[in-house]
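Peer 1: okay, structure incoming, though there's no sequence with it:
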Ligand SMILES: O=P(O)(O)OC[C@H]1O[C@](O)(CO)[C@@H](O)[C@@H]1O
């Protein structure tokens, strides 16, 4: 590729050890200048947000995740105080768990079960995987991040015989998320079945007064840590949501915060060419036409960053995927994000990237340090596995460029608490700036609420179905007949799906009798089960 263009457009920050190569996005030389007024507005919006403006107008909330790593910048002394007190409490609590001052019913805690979903799980999962060391971690970390019973059984299987030394952190900002509530109840039942008082093992991270907070308070759980309405779920990694599990695992959370704070300082600058977040936002804009016309493929060439693409998927898609702009116009915005890790993905979907539909741009993440050990095996004379990893990154990037597939390359020195903090802070700000460029609210998620409401409707319908079956024990109904009898004719398909699911699970007591035509199958409960 073109060395002159590379030299012109490489952003390099020696203090952070970070480089950002945008030279393989073929924007015209006047692009940055043309976009400058809009970028200056976006930077001004961001400055207002950091100063405590109501940047989430629909929910009438401030957006304060940047204060978490610079509490002195919070708009009120009360918020500064809340952040610093919570951080101190997290460190003190983790210290007591590690020293054994607070122990489980069977001795010193050795395992951690984190229960949460979305922003209350993805950050902790990313950090735990990126920074964990199976033999050095103070606690081994496990997750419930769904309401899948088999998934929970799998995790409980891993913890078999160990619950007496397992600490459970239940995380939910709202304190009312169904999947997390179910995980909490399943974990509670597992502790009770093992004859262990769960309240001596459970900790909550949630908003004051939430349903979860009330349970934790009423049952006198070990501890409660605060979440605030000015921190969104997907930007909560550097609040108690992410810091508590990380501290318990033994990760240096202060280094994560310091890394994020250092990136914030750099990305606050109003000089676009010196601001990697502004440059990235402008690349997203030109690549997607400011309309999400291309997908973002995130390819970290590092196993430890496997979950970074999943983490970014929520951060970007839940923030930018919006029907309306700030003026109420229908815009259907967003950028689709996917990716796992290189070079593994080269043996999967990279074939399509090079030769198939050209509807994406890639972000390569290059990590300079190969491994902790000082030396590496020579897999060939003078060549290590890590050299191959870089070779595949550079080779794939060239192979894509040759076919006019665009890419950005972000280079970091290593995967450490500091660089992970920097990555999180960088992308948080890119999303904020890009949202300003396209004029949308990045800090609410009305679409997700619609799905939650519909799921609630399904559960309510199931209750009606069961009531009808139990009111006529032994009587067999087709899905159609049952739907009509409960006044849900319009929802016959959903009634059928619920009946099939109930019949597939013995504990429900619902029996199915198949017929020649699948939709004539009947369902009943036995008189004895009624
Ligand atoms: O922390 P909570 O309130 O349980 O929410 C979990 C996740 O659910 C969402 O609200 C979306 O459903 C996410 O934004 C959030 O990260």
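Peer 2: Great, that's in hand. The model shown is predicted, which means the values in this text are computed figures rather than measured ones.
Peer 1: list the residues that contact whatever residue of the stretch 301-450 of the chain ends up closest to the ligand.
Peer 2: Residue nearest to the ligand within the stretch 301-450 of the chain: residue 448 (3.8 Å; CB to the nearest ligand atom). (C-beta placed from N, C-alpha, C; glycine too.) Listed by CB atoms under 8 Å, 6 or more residues apart in numbering, the contact set of residue 448 reads residue 318.
Peer 1: and it, which of the three is it?
Peer 2: At residue 448 the chain is in helix, as set by DSSP: H, G, I helix; E, B strand; the rest coil.
Peer 1: how near is it to residue 261?
Peer 2: Here residue 448 is placed at a distance of 30 Å from residue 261 (CB to CB, to the nearest Å).
Peer 1: check residue 275 too.
Peer 2: 16 Å.
Peer 1: who has more neighbours out of the two?
Peer 2: Taking other CB atoms under 10 Å, residue 275 and residue 261 do not tie; residue 275 has more neighbours (22 against 19).
Peer 1: the more buried one: what's its closest spatial neighbour, skipping adjacent residues?
Peer 2: Excluding its sequence neighbours, the residue lying closest to residue 275 (CB to CB, 6 or more residues apart in numbering) is residue 269, at 4.9 Å.
Peer 1: report pLDDT for the one you found.
Peer 2: Note on residue 269: pLDDT of 98.
Peer 1: please, which helix or strand holds it?
Peer 2: In this structure, residue 269 is located outside every helix and strand according to DSSP states H and E.
Peer 1: so it makes contact with residue 279?
Peer 2: No: counting by CB atoms under 8 Å, residue 269 does not reach residue 279; the two are 11.2 Å apart.
Peer 1: who has more neighbours, the two?
Peer 2: residue 279 (23 against 14).
Peer 1: who's in contact with that one?
Peer 2: Going by CB under 8 Å, 6+ apart, residue 279 touches 11, 20, 22, 272-273.
Peer 1: that one is in what secondary structure piece?
Peer 2: helix 276-288.
Peer 1: now do that helix: distance to the chain's middle.
Peer 2: Between the centre of helix 276-288 and the centre of its chain there are 22 Å (CA atoms, centre = their mean, to the nearest Å).
Peer 1: check contacts around the closest residue to residue 508 other than its chain neighbours.
Peer 2: Once flanking residues are discounted, residue 508 sits nearest to residue 502: 4.1 Å by CB to CB, 6+ apart. By CB under 8 Å, 6+ apart, residue 502 lies in contact with 462, 465-466, 508, 510, 523.
Peer 1: what does residue 10 give?
Peer 2: Contacts of residue 10 (CB under 8 Å, 6+ apart): 19-23.
Peer 1: which parts of the stretch 151-300 of the chain are strands?
Peer 2: In the stretch 151-300 of the chain, strands defined by DSSP state E, counting those that start in this stretch lie at 166-172, 202-207, 223-227, 295-300, listed in chain order.
Peer 1: mind listing what's buried in stretch 344-361?
Peer 2: Under the neighbour-count criterion of 16 or more other CB atoms under 10 Å, stretch 344-361 has 345-346, 350, 353, 360-361 buried.
Peer 1: in strands, which of those residues fall?
Peer 2: Here DSSP state E is the test, and these give 360-361 as lying in strands.
Peer 1: most widely separated two among the buried residues of stretch 344-361?
Peer 2: 346 and 361 (17.1 Å; CB to CB).
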